[in-house]
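here is my input; please provide its structure:
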Amino acid sequence: MDFSSARIKYLPITLDLAQMIMKNPLAFYYKYQLPWNRQWPHDGLKAMLPFYVEALEENESQLGFGPWIMIEEEAGQIIGDIGFKGRPDEEGRIEIGYHVAENQRNKGFATEAVQALCTWAFHNPVVKRVEAQCDKDNIQSQKVLINNGFHQTEIDRDMFTFQKLKQENKSSTTKHKKEL
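Numbers count the residues shown, from 1 in each chain. Alright, predicted model coming up:
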């Protein structure tokens with residue numbers, strides 16, 4: 001189920017990988033022969049993994065709609081993680097979140113990864129929109145979302161909500177207009 005974009009390989013966190021990362025993150029680095037990045041896994045991922053494991057145990061179709069590990073292909077190193085906070089809801093909405101290790105920031109990885117995972121999600125016919133929340137002070141994350149075609153839809157205290165809608169097939173619309 002893994003896939004790649006221009007510079008990044010995306011590896012979905014399976015049940016076995018989640019348990020390995022929770023119990024012994026260094027075993028993960030050893031298994032995949034990756035150099036150790038002290039900044040990954042970060043505290044947010046470590047806190048979320050037990051809930052994700054429980055969800056995967058209840059429903060294997062959660063795989064892909066949870067966290068993915070981002071590996072820079074050229075250097076063969078972990079640059080962070082990205083993923084969804086569960087399967088699409090009844091309206092076809094999913095929420096994306098991402099974290100790039102501090103020593104890998106400002107290289108365009110987050111922008112590339114958000115684009116790649118949105119494309120992956122929109123291939124699912126159920127997904128109609130992707131949402132993201134970020135702190136009002138997190139200007140870098142806001143830029144990542146805006147650069148990926150997200151639009152701010154809500155402000156709730158210190159949190160901004162952004163969304164990106166699935167694009168309909170424009171070529172069929174254009175063709176129909178030409179025929180008229």
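
buried stuff in whichever strand or helix holds Lys164?
Using DSSP states H and E, Lys164 falls within strand 159-165. Under the neighbour-count criterion of 16 or more other C-beta atoms under 10 Å, strand 159-165 has 160-164 buried. All C-beta atoms are positioned from the backbone trio N, CA, C, and that covers glycine.

could you dump those residues to CSV with distance to Asp89 and pLDDT?
Listed next are the buried residues of strand 159-165 as CSV, based on distance: C-beta to C-beta, whole Å; pLDDT from 0 to 100:
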residue, distance to Asp89, pLDDT
Phe160, 20, 97
Thr161, 14, 98
Phe162, 17, 98
Gln163, 13, 98
Lys164, 16, 98
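
how far out from the middle of the chain is the strand holding Lys164?
Distance of strand 159-165 from the chain centroid (C-alpha atoms, centre = their mean, to the nearest Å) equals 14 Å.

what of stretch 118-127?
Offset of stretch 118-127 from its chain centre (C-alpha atoms, centre = their mean): 12 Å.

Ile79 versus Gly149, what's the distance?
According to C-beta to C-beta, to the nearest Å, Gly149 stands 22 Å off from Ile79.
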